[in-house]
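Visitor: no sequence for this one, just the structure:
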C-alpha cells in the first residue's frame, strides 16, 4: 500500500459548491501538510498539523478549511472557491513535523482541482 | 530571507547524456537542510535526498549524484546516462532548524529525456 494517498485524484467544482479533499497516510507519522501547486507559483505550504493540532496557517483564505481528526487523516474542506484556486493540491506527512535532520516529508499524488 | 533558486526552467537531453540540475539557496541560518524531489507526470513528489548543512560530502546513488558546496550556496544534482524514465520536474527545497518543518521550494526544473 502506498504511503500517502489522496482522493479524489481529480475534482471539478463550481464556485458555489462545497467539496472536500481527503488525505491518508500509512507511515505512522505524526505530522501532515497541505500544499498548493499552481502553474504560476512555486509549491506553497498551506497548513501544517502536528499531533492533530494545527501549527501553521500560511495566510490561507478562509474558503479553505482544514481538518485533522487523527494523525493518519487530513481533510481540506472547500467552499465558495474562485477560478484562481484551480491547482494541484498535495498532501504530505512526516515523522514529527519538527524542523530537523530526520524529518523528511513524503507526498501523496495530489488532487487536481478545477474551479469553474 | 530564505530562498531557493532553480534557474533552469527546462532542460532537454537525449538519452544517455549526463545532465546537471542547478540549485542555489539563500539562508542566514547556520543549520539547515536541503532536499531534492522528483515529480513525474503522475504528480506525486518523490523524495530523492536530504542533506544537512554540516555534511558537505558529496553523495552518489546509482546514476544520481549530488554536489553540495557551501561556499557557493549550491546543491546541484547530476544524472549520469539519463533515461527516458528520468523525465520529470525536479524540485530543490530548503528547510531550516527551529520551529516546524517548513519546506521552501524552488520553482522546479522540467527535464525531458528523449530517446
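Guide: The structure has been received and is ready for your questions. Worth saying up front: this structure is predicted, and the values here are computed from it rather than measured.
Visitor: Name the SS class of residue B:48, please.
Guide: Here residue B:48 is recorded as strand under DSSP: H, G, I helix; E, B strand; the rest coil.
Visitor: Not including adjacent chain positions, what is the nearest residue to it?
Guide: Spatially, and ignoring its direct neighbours in sequence, residue B:48 is nearest to residue B:36 (4.3 Å; Cβ to Cβ, 6 or more residues apart in numbering or on different chains). (Each C-beta comes from the backbone N, C-alpha and C, glycine too.)
Visitor: Might one say that the one you found is in contact with residue B:66?
Guide: Yes. With contact defined as Cβ atoms under 8 Å, residue B:36 counts as touching residue B:66 (7.0 Å).
Visitor: Overlap of the contact sets of these two?
Guide: Common contacts of residue B:36 and residue B:66 (Cβ atoms under 8 Å, 6 or more residues apart in numbering or on different chains): B:49, B:75, B:77.
Visitor: can you count the residues close to the second one?
Guide: Here the count is done by other Cβ atoms under 10 Å in any protein chain shown, and residue B:75 has 25 residues near it.
Visitor: Next one: the one residue sitting closest to the centre of chain A relative to residue B:66, how far apart?
Guide: The residue lying closest to the centre of chain A (Cα atoms, centre = their mean) is residue A:34, at 2.6 Å. According to Cβ to Cβ, to the nearest Å, residue A:34 stands 28 Å off from residue B:66.
Visitor: What is the helix or strand encompassing residue A:92 packed up against?
Guide: Taking DSSP states H and E as the criterion, residue A:92 maps to strand A:87-94. Under the contact criterion of 3 or more Cβ pairs under 8 Å, 6 or more residues apart in numbering or on different chains; DSSP states H and E, strand A:87-94 touches strand A:4-7, strand A:18-25, strand A:31-37, strand A:106-107, strand A:111-115.
Visitor: got those as TSV, with distance to residue A:95 and mean pLDDT columns?
Guide: Formatted as TSV, the helices and strands packed on strand A:87-94 follow (distance: least, Cβ to Cβ, whole Å; pLDDT from 0 to 100):
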stretch	distance to residue A:95	mean pLDDT
strand A:4-7	13	96
strand A:18-25	11	97
strand A:31-37	7	95
strand A:106-107	9	94
strand A:111-115	24	96
